[in-house]
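> test case, fold it:
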Amino acid sequence: MELLVVISIIAMLLAILIPSMRKAQEQARTIVCKSNFKTYGLAIAMYLQSNNNAFPHPNYCMYRNNTFSTLHPWQCRWHDNSVTPNGPLWPYIRDKNVSYCPTFAQIARLNGQRHRDHLASIPINPQFTYSVDVLHW
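Sure, this is the predicted structure:
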C-alpha cells in the first residue's frame with residue numbers, strides 16, 4: 001500500500017513538472033532565436049558599411065545563385081546541409097546556426113516538402129530561417 005502511495009505522489013509531481021519544463025525549453029529556444037537575430041542584424045550592419053549602404057539580394061544573402069542547378073534547385077537551399085554557405089553575408093556571420101531558429105525545425109520537418117520544386121532526395125534539415133525575411137523589411 002505504501003508503494004502505491006509513493007508511486008502516485010511521484011506521478012503527480014511529474015504531471016506538474018513536465019509542462020513547466022516544456023515551457024522553459026521553449027523560452028530557451030526563444031532566447032536563442034533573439035540572440036541569432038541580433039547577430040544577424042550586426043552582420044547586415046557590417047555588410048552595409050562595407051558596401052556603400054547597399055543591401056545584398058534577399059534571395060542570395062547566404063547562398064549565391066551559382067551554387068544551384070536544375071538537379072539541385074535553389075528552393076531546396078534552406079534545408080540542404082550538403083551546401084556550404086557562400087553568399088555575401090557569410091563572411092560576416094561564419095556560423096550556419098546564426099541563421100537558424102530551433103523552433104522552426106519542428107515546423108519545417110512536418111511541412112518542408114511542400115515547397116515549390118522540392119526534390120525528395122534532399123532531406124528536410126533546416127539550414128536557415130531568417131535570411132530572406134530579415135532583408136525584406
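
> longest helix of this structure?
If you go by DSSP state H, the chain has its longest helix at helix 2-50.

> so for it, mean pLDDT?
When pLDDT is averaged over helix 2-50, the result is 86.

> report the distance from that helix to the chain centre.
The chain centre lies 15 Å from the centre of helix 2-50; the measure is CA atoms, centre = their mean, to the nearest Å.

> immediately after it, which helix or strand?
Sequence-wise, the next helix or strand downstream of helix 2-50 (DSSP states H and E) is helix 90-93.

> hmm, Cys33 is touching Ser99, no?
No. Using CB atoms under 8 Å, Cys33 makes no contact with Ser99, being 10.9 Å away. Glycine gets a C-beta too; all of them are placed from N, C-alpha and C.

> ok, His79 to Val32 distance?
Counting by CB to CB, to the nearest Å, the gap from His79 to Val32 is 19 Å.

> quick one, which of those two is more surrounded?
The residue with more neighbours, out of His79 and Val32, is His79; 22 against 16, by other CB atoms under 10 Å.

> which element, helix or strand, includes the closest residue to the more buried one other than its chain neighbours?
Spatial nearest neighbour of His79, chain neighbours left out: Ile124 (4.8 Å); criterion: CB to CB, 6 or more residues apart in numbering. Take DSSP H and E as the rule and Ile124 turns out to sit in neither a helix nor a strand.

> look up phi and psi at Ile124.
phi -90, psi 90 (degrees, to the nearest 10).

> that one touches Gln113, doesn't it?
Yes. Applying CB under 8 Å, one finds Ile124 in contact with Gln113, separated by 6.3 Å.

> stretch 64-72 - what's its average pLDDT?
59.

> and what of stretch 105-122?
On average, stretch 105-122 scores 71.

> centroid residue for the chain?
What sits nearest the mean C-alpha location of the chain, by CA atoms, centre = their mean, is Tyr100, with 2.3 Å.
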